[in-house]
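>>> Pasting the sequence and the predicted model now:
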Amino acid sequence: MSQAQQQITQILQTGINVLNQNNPSEAAQYFQQILKRLPNEPNALFLLGAAKRLQGQHSEAISLMKRSLVSHSNPAQVHNGLANAYKDIGENHQAIASYNNALKIQPKFAEALFNLGLLKHDEGALKAAVDHLTAAIKIQPQNPTFHNAIGVIHQERGDLELAETAYKHALMLDNTYFKALHNLGALLRSQFKYKDAIVFLARAVRLEPQAIEPRYILANVYYELGNFAKADEEYRTVITLQPDFVDVHESLNRMYWEHGKKDLYGKSYKISIKANPSSPELCEKHLRALINAGHSEEGLHHGAIYVDSFPQHPGILYQMARAQACAGHAGAATDTYRKAAARAPQDTSILIGTSQYLIQTGEYHAALNHLEAVEKHAPNDQEMWAYRGLCWRMLGDERYEWLNNFDALIKSTCIDTPAGYANLNEFLAELKETLRQCHTAHHAPIDQTLRGGSQTHGTLFDRQDPIFNTLKEALRQVALGYIRGLPDDKEHPLCKRKNENFDFSASWSVWLKEGGYHINHVHPLGWISSAFYVDVPKATEASRAACQGWIKFGESPLHIGKADKANRLIEPQAGLLALFPSFMWHGTVAYSENADRITTPFDIIPQ
């Protein structure tokens, strides 16, 4: 090798080292130095292209890499780099072609297979992604990044055992691999394997103490285990690290509320806003928290400050309107609701909230206009249909009866005794004792509809105890019969989605105490909703006459007149499952018996 060639090799290596230190701007200078002397030097062209890509200069990067292909000694590597540049700018067709070019030249090019798998994942082609990553792993089985990536895809496909195996394999290869620790801990937490989750999440936190996500998940695990002191500590640490992380504020304050520390409720928002006043999202959530807690006057005080700071922010305007309405300032509330809706014409939550207020003030036609706008963006939104039906009811429109066909669309029946149990009571008694361990909160969640009781966290049917799978299958059979019996109507929001293939989209348990009840509500994210009764207070003649504890249908929570009343009531009994459209208003009559009322509601959606 000549002295000149040695010098070029040395400059290239220096540039590569700088590039590997994530300094593409400085690295580019070394490659440009070579190209001044040798304008078509293929390695310098390719590496300069790689540096330009990292600097976000994709057109120049692509041009340089194409030039390098003319004489590069490793064209497969160039095609792979070219594909990455195309992928960055969303030209997936070109990227796939370039990855395939690389693989035609070098069929066992593991990095190209890996990158192609990631692109297929981004496109939603999960099976193809798994196939490409599996091929990459066969070539490089000792690469922990490959195992972690295929674990993510297995998890998204619902193959949780394969995902867990893949994450653990990645950690066997590198026990300090942060992403795999985080992913495995999060997966175990989603499966309610709390003690195992703590092990991996705590290792991730020790490895990267400034990382937000694993610490936040760890705090949630402590909360769900009932270790509120540790949860409090971790939540507050996350807030210290990232004061504008809205989710952790909501979790911390929900915990304070559910466990009787109402003097601390909302304080984290104040402290963080003072430290970080430029976050409108934090201000919006603070207002929402105050209003949900019934602190409308305090909401007005802070709302005025936040609206002054962010006069065009629709979320802050919307929460301010809620505070004004709660405080009785009707005129101001109407004006602010309309401003919020005008600034967010596609925000369905703001449009629905504005419609709700307009219904309360008797402006049914104006409310319907907003609800029609919601339908354009979210035709299956259950709240939209609930409020539309309420408008039709108050206007005497016959479509109310079409939408809420109480006789045809509400069905109730007892489940069959699951296999392995002598009778239904035996099954329900075991289920009750299992549920007892799941209820850790002392008070009802602030953002839910129950009053005088507690609600479980997470998806109940994902818990590991076998009795929940048994329950799920018993409920599935009744739900399938309900779906088969729905009327055929291609216009009706429930019936037009009729499909015997469905998923349980949500499941939880509610444990009401003496005097407990549900305020009237709907289930925004469902299609078909339910109430399954595990245990109910023993009825007396007086309680039955007053319909205490009964589920009622048709009455909204808005208190807008005599016409807004319940159309149907069902008396609960242990083992009974009631099914109904998610958009149908329902609630319960409070009961005065000194006994528990336990349910496991769920929502289902068509596949």
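Yep, it's here. Numbers count the residues shown, from 1 in each chain.

>>> I'd like the next helix or strand past the one helix or strand in the chain whose mean pLDDT sits lowest.
In the chain, no helix or strand scores lower on mean pLDDT, DSSP states H and E than strand 450-455, which sits at a mean of 68. Next along the chain after strand 450-455, taking DSSP states H and E as the criterion, comes helix 466-484.

>>> what angle separates the helix or strand following that following helix from helix 466-484?
Using DSSP H and E, the helix or strand that follows helix 466-484 in sequence is strand 502-507. Angle of strand 502-507 versus helix 466-484, following axes from the mean of the first three to the mean of the last three C-alpha atoms, to 10 degrees, is 120 degrees.

>>> so where's the stretch 201-350 of the chain uncertain?
Along the stretch 201-350 of the chain, the model assigns pLDDT under 70 to no residue.

>>> To clarify, my last question referred to the stretch 451-600 of the chain.
In the stretch 451-600 of the chain (pLDDT under 70), the answer is 451-452, 514-517, 592-595.

>>> same question, the stretch 1-150 of the chain
Ranges of the stretch 1-150 of the chain meeting pLDDT under 70: 1.

>>> mind listing the helices in it by residue range?
3-20, 24-37, 42-54, 58-68, 75-88, 92-105, 110-122, 126-139, 144-156 (DSSP state H, counting those that start in this stretch).

>>> Show me what the last one packs onto, helices and strands only.
Based on contacts counted as 3 or more C-beta pairs under 8 Å, 6 or more residues apart in numbering; DSSP states H and E, the elements that helix 144-156 packs against are helix 110-122, helix 126-139, helix 160-173, helix 178-190. (Each C-beta comes from the backbone N, C-alpha and C, glycine too.)

>>> In TSV: the ones you listed, plus mean neighbour count and distance to Ile150.
Shown next, in TSV, are the helices and strands packed on helix 144-156 (neighbours: other C-beta atoms under 10 Å; distance: least, C-beta to C-beta, whole Å):
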stretch	mean neighbour count	distance to Ile150
helix 110-122	22	8
helix 126-139	18	4
helix 160-173	19	5
helix 178-190	23	11
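
>>> So which of these is nearest Glu91?
Comparing these by their distance to Glu91 (C-beta to C-beta), the top pick is helix 110-122, with 10.8 Å.

>>> Which residues does stretch 291-301 contact?
The contact list for stretch 291-301, computed with C-beta atoms under 8 Å, 6 or more residues apart in numbering, reads 257, 262, 265-266, 287, 290, 319-320, 322-324, 326-327, 329, 446-447.

>>> and the end-to-end length of it?
For stretch 291-301, the first-to-last residue distance is 12 Å (C-alpha to C-alpha, to the nearest Å).

>>> What residues of it count as buried?
For stretch 291-301, the neighbour count (16 or more other C-beta atoms under 10 Å) marks Ile291, Asn292, Ala293, His295, Ser296, Glu298, Gly299, Leu300 as buried.

>>> ok, now stretch 4-13?
Result for stretch 4-13 [16+ other C-beta under 10 Å]: buried residues Ile8, Ile11, Leu12.

>>> and Phe192, how many residues sit next to it?
20 (other C-beta atoms under 10 Å).

>>> I'd like the distance between it and Pro572.
The gap separating Phe192 from Pro572 is 28 Å, by C-beta to C-beta, to the nearest Å.

>>> Pull the distance from stretch 424-431 to the chain's centre.
Averaging C-alpha positions (C-alpha atoms, centre = their mean, to the nearest Å) puts stretch 424-431 32 Å from its chain's average.

>>> what does it contact?
Contacts for stretch 424-431 (C-beta under 8 Å, 6+ apart): 414-418, 421, 467, 470-471, 534-535, 574-575, 600.

>>> Averaged pLDDT, it. What do you get?
In this model, stretch 424-431 has a mean pLDDT of 95.

>>> what comes up buried for it?
Leu424, Phe427, Leu428, Leu431.

>>> Out of the buried residues of stretch 291-301, which two sit at the greatest distance?
Within the buried residues of stretch 291-301 (distances taken as C-beta to C-beta), the two that end up farthest apart are Asn292 and Leu300, at 14.7 Å.

>>> quick one on the thing from earlier: which of the contacts of stretch 424-431 are buried?
Ile415, Thr417, Pro418, Thr470, Leu471, Val534, Asp535, Ala574, Gly575, Thr600.

>>> Who are the contact partners of Thr456?
Leu435, Cys438, His439, Trp508, Ser509.

>>> Tabulate the residues you listed in TSV, adding columns for distance to Asn40 and neighbour count.
Converted to TSV, the contacts of Thr456 look like this (distance: C-beta to C-beta, whole Å; neighbours: other C-beta atoms under 10 Å):
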residue	distance to Asn40	neighbour count
Leu435	73	24
Cys438	69	21
His439	72	16
Trp508	66	18
Ser509	70	25
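
>>> Using JSON lines, lay out these together with secondary structure and distance to Pro314.
Shown next, in JSON lines, are the contacts of Thr456 (DSSP: H, G, I helix; E, B strand; the rest coil; distance: C-beta to C-beta, whole Å):
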{"residue": "Leu435", "secondary structure": "helix", "distance to Pro314": "40"}
{"residue": "Cys438", "secondary structure": "helix", "distance to Pro314": "38"}
{"residue": "His439", "secondary structure": "coil", "distance to Pro314": "37"}
{"residue": "Trp508", "secondary structure": "coil", "distance to Pro314": "31"}
{"residue": "Ser509", "secondary structure": "coil", "distance to Pro314": "36"}
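
>>> ok, of the residues you listed, which one's closest to Leu64?
Distances from Leu64 to the contacts of Thr456, taken by C-beta to C-beta, are shortest for Trp508, at 55.7 Å.

>>> Quickly note the distance from the closest one to Phe502.
Relative to Phe502, and taking C-beta to C-beta, Trp508 is found at 18 Å.

>>> next one: Glu26
Taking C-beta to C-beta, one finds Glu26 at 57 Å from Phe502.

>>> And the helices in the stretch 151-300 of the chain?
Going by DSSP H, counting those that start in this stretch, the stretch 151-300 of the chain shows helices at 160-173, 178-190, 194-207, 213-225, 228-241, 246-258, 267-275, 280-292, 296-309.

>>> could the ones you listed go into a markdown table alongside distance to Ser454?
Shown next, in a markdown table, are the helices of the stretch 151-300 of the chain (distance: least, C-beta to C-beta, whole Å):
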| stretch | distance to Ser454 |
| --- | --- |
| helix 160-173 | 28 |
| helix 178-190 | 20 |
| helix 194-207 | 18 |
| helix 213-225 | 13 |
| helix 228-241 | 14 |
| helix 246-258 | 8 |
| helix 267-275 | 23 |
| helix 280-292 | 17 |
| helix 296-309 | 26 |
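
>>> Tell me which of those helices sits nearest to Glu383.
Of the helices of the stretch 151-300 of the chain, nearest to Glu383 by C-beta to C-beta is helix 280-292, at 16.5 Å.

>>> for the residue nearest to Ile410 when sequence neighbours are not counted, which residues make a bridge with it?
In space, and not counting its chain neighbours, Ile410 is closest to Phe580: 4.6 Å by C-beta to C-beta, 6 or more residues apart in numbering. Residues in a beta bridge with Phe580, per DSSP bridges, are Ser529.
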